[in-house]
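Student: I'll drop the sequence and a predicted model, then ask my questions.
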Protein chains: 2
Amino acid sequence: MISELSRHVGETVTLKGWLYHWRKGGKIWFLVLRDGSGYLQAVVSKADVPEAVWEAATGATQESTLEVSGIVKADPRSPGGVELGVADVKILDLCHDWPITPKEHGVDFLMSQRHLWLRSSRQVAVLKVRSEIESAIHDFFYARGYTRLDSPILTPAACEGTSSLFETQYTEDEKAYLSQSGQLYLEPAAAALGRVYCFGPTFRAEKSKTRRHLREFWMVEPEVAFLEIDGLMDLAEEFVKELTARVLDRRKEDLKRLERDVAKLEPVAAKRFPRISYREAVEMLQKKNMPVKFGDDLGGDEETALTEGFDTPIMVTRYPSSIKAFYMQPDAKDPDVALCLDMLAPEGYGEIIGGSQRIHDHDLLLSRIRQHDLPLEAFQWYLDVRKYGTFPHSGFGMGLERFVAWMCGVPHLRECIPYPRMLYRIYP
Amino acid sequence: MISELSRHVGETVTLKGWLYHWRKGGKIWFLVLRDGSGYLQAVVSKADVPEAVWEAATGATQESTLEVSGIVKADPRSPGGVELGVADVKILDLCHDWPITPKEHGVDFLMSQRHLWLRSSRQVAVLKVRSEIESAIHDFFYARGYTRLDSPILTPAACEGTSSLFETQYTEDEKAYLSQSGQLYLEPAAAALGRVYCFGPTFRAEKSKTRRHLREFWMVEPEVAFLEIDGLMDLAEEFVKELTARVLDRRKEDLKRLERDVAKLEPVAAKRFPRISYREAVEMLQKKNMPVKFGDDLGGDEETALTEGFDTPIMVTRYPSSIKAFYMQPDAKDPDVALCLDMLAPEGYGEIIGGSQRIHDHDLLLSRIRQHDLPLEAFQWYLDVRKYGTFPHSGFGMGLERFVAWMCGVPHLRECIPYPRMLYRIYP
C-alpha cells in the first residue's frame, strides 16, 4: 500500500491503483497514483523506460487502473515523504469518459454519481475522518469497561412522536417502526451490565430538506447505571475531548486536504467546556435582544448566538421539562426544569449531543407516560426497569454525522455519510 | 466497579449494585452483589455490624438495589480474587416479586421478559462475549488500514431476491427496502479507499422459525481492492483466528460461566483451516452415502457431515455458479463454478462466513444481471464500478450472531443478540 512506502525507501516495489492526476513535462511526466491508502507521485522519465512503458504512462487517463513498478525514493516535499522512480507501467483498465471533471458540478449531479464521487480526495478525507471517529468511539468505551449493546432497529412503538417514523409490515397483523434512538433499550441493559452503549443507524422520515437533516444517520448512545447529571456532563465533555484529540493526532493529512483550520479544534481538546443553565441562556439571549422567554425551545439562531465568543462547545443544562422528553428526571431544586444537557458545537455547527438523567421513580414515570398520552401497554417493559431494583441512571446521544461535519469543517451533512438518504435522494 | 476491586485490597470502598443471590448462615451471611462489571461476595457478620445493617443485609431480596461499604479482602477462591468485609448496607430499592425465579421458565416467558432476563449471569456472559467480538472486529480492520464504511440501510432495490424484504414508504411515490447486505455499496468504496468494511444491522423478513434465523441481525463485511480468491481465503481465516484468540484471551470468565468447553476453541486459533472444493465436498458426501450431486446446494445436514472429524472451521470453495449470487467471478479454469467460499464452523454451528471474488468485467456482469432478470436501471451505478477503472476485488460477510453462538456454545441465535426479532417476536 502507498501508506507503507516510507518504510521501503531504496526498494523496488509494485503497486496497483488508479491514476488521479498528472503533470506533463517534455521528457518527464509526474503521475499521481491513489490506492485508497494514500497518494504517490510516480516519476516517469522517457530516457529511462522502454518506449511501450512511456506510451502507457502518457496514454493513461484519469481513473485508469494501473500497475506501476519502480524504486522508492525519499522525497520530503511529497505527501508521504516518498516518490517512485518508475521502471514499468501497465494499464490494467483504461478509463473512458470519467464523468467527474474538474469543472464545477451541481450537487444533484454529484449526488447521483455518489458511487464515483467517493473517489475524490475531499470525499476520501471526510470518510477517513469519519472512520477514525468511529474507532475512537469504540476505544473510548472499551477502555472504560462499557459493554456494547446493539439496540434493535425494528421496534413496536415510537420513542417520541410518530409523524416522522418509517413504518413497515412486520407480520400480517403487526406493524413495526424503524428506531429513532436505542436509549429505551439501553436502560434495562444498564441494570444488567452497568455501563453500556449502542452505535447504529437511526431513522427520521422527516419532510425537511436542510443541510442539517438526514433521513438515515448514525448515533452513539451511552447509558450508565448510578450516573447522575453532573457525572453525565463530565462524561460528555471527556468523550468529545478524546474524539477531537484523536482526529487531530491521527488525521492531520486529511484535515489539511479539507483545509480545516485546526487551530479552531485545538482548544476543544484542551479547554474546559462552559456549562450554563437554560435560565442563564435565556438571560444571555435577552441581553442580545433576542425575543426568548422561559419555555421557548432554542432554535439554530439562538444556538449560534449562545456559542458566539466560545472556542469550545458549551453545555446548556436544565431546559424546561415542558419542551423535553417525558423520561427526563426533574430537578429536585427547580421542578420546572429537567436534568438534561444539550452540547452545542462552536462555529455554528449546532447541537451535537443531547442527554439527560432519566426518571427512575416508577410512579413519576407512569404519570408522565399518561400525561404524554403514550400507549401504556407498549411501555410496560420500560416501566419494569423502575419496578425491579430501580436505580438512577443517565445517558446521551451523539449524532455521528454532525460531529464529523464539525471536525471536517464541512457545512452539509450529506458529505459526512457514504450514501446519504435525504428527501428525494435514495439513489445510489 | 467490582471489576476494579482487586487493585484496592485493604481499602474501604462503597459500591452500588444489585443483590444477585445469597447464602444464609446463622450469624454470617454471604451476599453476592452484581454491578454489571462482575460479581462480588460480601460477607456480613452479625457481630460486626449495627443491628440496622444486619436487618438490611438479611432483609434484601433478589434484584434489590443496594449500596454496600466495607473492606476489600483478598480471597483466591472468589471469582475476582477478592471479597468484601461488610461494614454497611443500604437498601436503595427493595425489589418485590422478581419474576425470573430459579424454577424452569418457558422460552416464551423469558423472551417476553427479555428486558429483565438480560440480568441473568448467562445472558450477561453472552453479551460480554458479543461485545468483545465487536471490539475485536474493529481492531482487526483498524490495524490493517481498513476504512470503516457504513452502507445504507434504506435501499431502493433488492440485492438478492425480493420475497424476504421489509418494505417501507420512503416518499409518497417511492418505496424503500431494508438492506440485506452492504456489499454492493462497499464495492465502489473499495475503489475510493482500497480496503473497506461495514458493520451494521441487516434484515430478512423470513417466515422461517428456526434456531438459526433472526429477522434482524448484525453483519460484518470487508471488501478489498485487488484481492483475489486465494487472498480472500487467507483473510477470512486470519479474521476468524484472531477473533477466537481474543475471546479465549479476554473472556475466560464468561466462557466458564457458560460452561463452554474451551478445548474445542483452542485449535481454531492455532491450526490451519482445511480448504476443500465443492466438487471434493460432493465426493466426500457421496462416500458418506448422502444423495448429493453437482449442482445441489448444501444444507445443514450436509454441512454438519462435512465438518465431522474437523476441530477447526473448513472452507468450501468453488460452488456451482448456478446456485450462487449473480456477481460472483467464474473460475477461469472451471467456468461452471464461482470463485467463492463458505466457511463452516465445527460442532454443527454451520455457515459463519460467505464470500467471493466479484465479477470485474463490465460486459460479463451486465449479462449476468440480464440472466437473473434484475432491474438494469437499479444496478447502473453498480455496473459503473466496472466501467471506470475496473479492478479485481473480493469480500465476505460474517453474521455476528452465528459467530457469537459458536463461541459461547449456545444453540439458539435468540440469546446472542440483546433484543431478538423473530417471527411473532418484536416485544420488548
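Tutor: Sure thing, it's come through. Numbers count the residues shown, from 1 in each chain, chains lettered A, B, ... in the order given.
Student: if I look at the residue in the stretch 1-150 of chain A that chain B sits nearest to, how far off is A:Lys128?
Tutor: Distances between the stretch 1-150 of chain A and chain B by C-beta to the nearest C-beta are smallest at A:Gly36, namely 2.4 Å. C-beta here means a position set from N, CA and C on the backbone, and glycine is covered the same way. Between A:Gly36 and A:Lys128 the distance, using C-beta to C-beta, to the nearest Å, works out to 10 Å.
Student: State the number of residues packed around A:Tyr424.
Tutor: For A:Tyr424, the number of neighbouring residues by other C-beta atoms under 10 Å in any protein chain shown comes to 11.
Student: Mind telling me what element the closest residue to it other than its chain neighbours is part of?
Tutor: Nearest non-adjacent residue to A:Tyr424, counting by C-beta to C-beta, 6 or more residues apart in numbering or on different chains: B:Thr171, 6.6 Å away. Here B:Thr171 sits in a region with no helix or strand, counting by DSSP states H and E.
Student: just A:His360 next, same as before
Tutor: Here A:His360 is assigned to no helix or strand, by DSSP H and E.
Student: Same check on A:Gln62?
Tutor: Element membership for A:Gln62, per DSSP H and E: none, as it lies in no helix or strand.
Student: what sits against the closest residue to it other than its chain neighbours?
Tutor: Counting by C-beta to C-beta, 6+ apart, A:Gln62 lies nearest to A:Trp98, which is 4.9 Å off, once chain neighbours are set aside. With contact set as C-beta atoms under 8 Å, 6 or more residues apart in numbering or on different chains, A:Trp98 has these partners: A:61-63, A:116, B:388-389.
Student: Distance of the residue nearest to A:His213 when sequence neighbours are not counted relative to chain B?
Tutor: Leaving aside its chain neighbours, A:His213 sits nearest to A:Glu206 (5.7 Å; criterion: C-beta to C-beta, 6+ apart). A:Glu206 sits 11 Å away from chain B, going by C-beta to the nearest C-beta, to the nearest Å.
Student: Burial check on A:Glu206, number of neighbours?
Tutor: For A:Glu206, the count of nearby residues is 14 (other C-beta under 10 Å).
Student: check contacts around it.
Tutor: Counting by C-beta under 8 Å, 6+ apart, A:Glu206 has contacts A:164, A:213, A:215, A:423.
Student: quick one: which helix or strand includes it?
Tutor: Using DSSP H and E, no element contains A:Glu206; it sits outside every helix and strand.
Student: Please report phi then psi for it.
Tutor: Backbone torsions for A:Glu206, taken as degrees, to the nearest 10, come to phi -70, psi 150.
Student: what helix or strand is the residue nearest to A:Glu4 when sequence neighbours are not counted on?
Tutor: Leaving aside its sequence neighbours, A:Glu4 sits nearest to A:Ser37 (C-beta to C-beta, 6+ apart; 7.5 Å). When secondary structure is defined by DSSP H and E, A:Ser37 falls outside every helix and strand.
Student: Quick check, A:Ser37 in contact with B:Ala192.
Tutor: No - between A:Ser37 and B:Ala192 no contact is recorded; they are 11.2 Å apart, counting by C-beta atoms under 8 Å.
Student: The two: which is more packed in?
Tutor: Higher neighbour count among A:Ser37 and B:Ala192: B:Ala192, with 24 against 21, using other C-beta under 10 Å.
Student: does the more buried one sit in a helix, a strand or a coil?
Tutor: helix (DSSP: H, G, I helix; E, B strand; the rest coil).
Student: again, but for the one 4 residues further on
Tutor: Applying three-state DSSP to B:Val196 yields a three-state assignment of strand.
Student: so what's it bridging to?
Tutor: With beta bridges defined as DSSP bridges, B:Val196 has these partners: B:Thr147, B:Glu223.
Student: which residues sit in contact with it?
Tutor: B:Val196 makes contact with A:36, B:146-149, B:186, B:189-190, B:222-224 under the criterion C-beta under 8 Å, 6+ apart.
Student: Outline the domain layout of chain A.
Tutor: According to automatic domain parsing, chain A comprises the domains A:2-93, A:114-415.
Student: what's near enough to touch the residue nearest to A:Ser277 when sequence neighbours are not counted?
Tutor: The shortest distance from A:Ser277 to any non-neighbouring residue, by C-beta to C-beta, 6+ apart, is to A:Arg318 (4.7 Å). For A:Arg318, the set of contacting residues under the criterion of C-beta under 8 Å, 6+ apart consists of A:277-279, A:331, A:334, A:337-340.
Student: Pull out the buried members of these.
Tutor: Buried members of the contacts of A:Arg318, scored by 16 or more other C-beta atoms under 10 Å in any protein chain shown, are A:277-279, A:331, A:337-340.
Student: Restricted to strands, list those residues.
Tutor: Cross-referencing those with the strands (criterion: DSSP state E) gives A:277, A:331, A:337-338, A:340 as the overlap.
Student: Now render those as JSON lines, adding pLDDT and distance to B:Gly106.
Tutor: What follows is these, written out as JSON lines (pLDDT from 0 to 100; distance: C-beta to C-beta, whole Å):
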{"residue": "A:Ser277", "pLDDT": "98", "distance to B:Gly106": "51"}
{"residue": "A:Asp331", "pLDDT": "98", "distance to B:Gly106": "44"}
{"residue": "A:Val337", "pLDDT": "98", "distance to B:Gly106": "46"}
{"residue": "A:Ala338", "pLDDT": "98", "distance to B:Gly106": "40"}
{"residue": "A:Cys340", "pLDDT": "98", "distance to B:Gly106": "40"}
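Student: Tell me, how many residues neighbour A:Glu172?
Tutor: By other C-beta under 10 Å, 5 other residues sit near A:Glu172.
Student: ok, it to chain B distance?
Tutor: Spatial separation of A:Glu172 from chain B under the definition C-beta to the nearest C-beta is 10 Å.
Student: Please tell me how far that residue sits from B:Ala205.
Tutor: Taking C-beta to C-beta as the measure, A:Glu172 falls 11 Å from B:Ala205.
Student: Start from the N-terminal end of the stretch 1-150 of chain A and give the helices.
Tutor: With DSSP state H, counting those that start in this stretch as the criterion, the stretch 1-150 of chain A has helices at A:51-59, A:107-112, A:114-117, A:121-143.
Student: need the ones you listed in a markdown table with mean neighbour count, can you?
Tutor: As requested, these are arranged in a markdown table below (neighbours: other C-beta atoms under 10 Å in any protein chain shown):
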| stretch | mean neighbour count |
| --- | --- |
| helix A:51-59 | 16 |
| helix A:107-112 | 14 |
| helix A:114-117 | 22 |
| helix A:121-143 | 21 |
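Student: among those, which gets the worst mean confidence?
Tutor: Summarising mean pLDDT across the helices of the stretch 1-150 of chain A, the least confident stretch is helix A:107-112, with a mean of 94.
Student: Which other helices and strands does that one contact?
Tutor: Packed against helix A:107-112 by the contact rule (3 or more C-beta pairs under 8 Å, 6 or more residues apart in numbering or on different chains; DSSP states H and E) you find no helix or strand.
Student: Tell me if the host helix or strand of A:Ala236 is near chain B.
Tutor: With the criterion set as DSSP H and E, the secondary-structure element containing A:Ala236 is helix A:229-250. No - between helix A:229-250 and chain B, judged by C-beta under 8 Å from any C-beta of the partner chain, nothing touches; the nearest distance is 10.4 Å.
Student: List, one by one, the residues from the stretch 151-300 of chain A near chain B.
Tutor: Within the stretch 151-300 of chain A, the residues that sit near chain B (C-beta under 8 Å from any C-beta) are A:151-156, A:166-171, A:174, A:176, A:178, A:185, A:188-196, A:200-201, A:203, A:215-216, A:218, A:225-226.
Student: and those residues, which are buried?
Tutor: Among these, the ones that count as buried by 16+ other C-beta under 10 Å are A:151-156, A:166, A:168, A:170, A:176, A:178, A:185, A:188-196, A:200-201, A:203, A:215-216, A:218, A:225-226.
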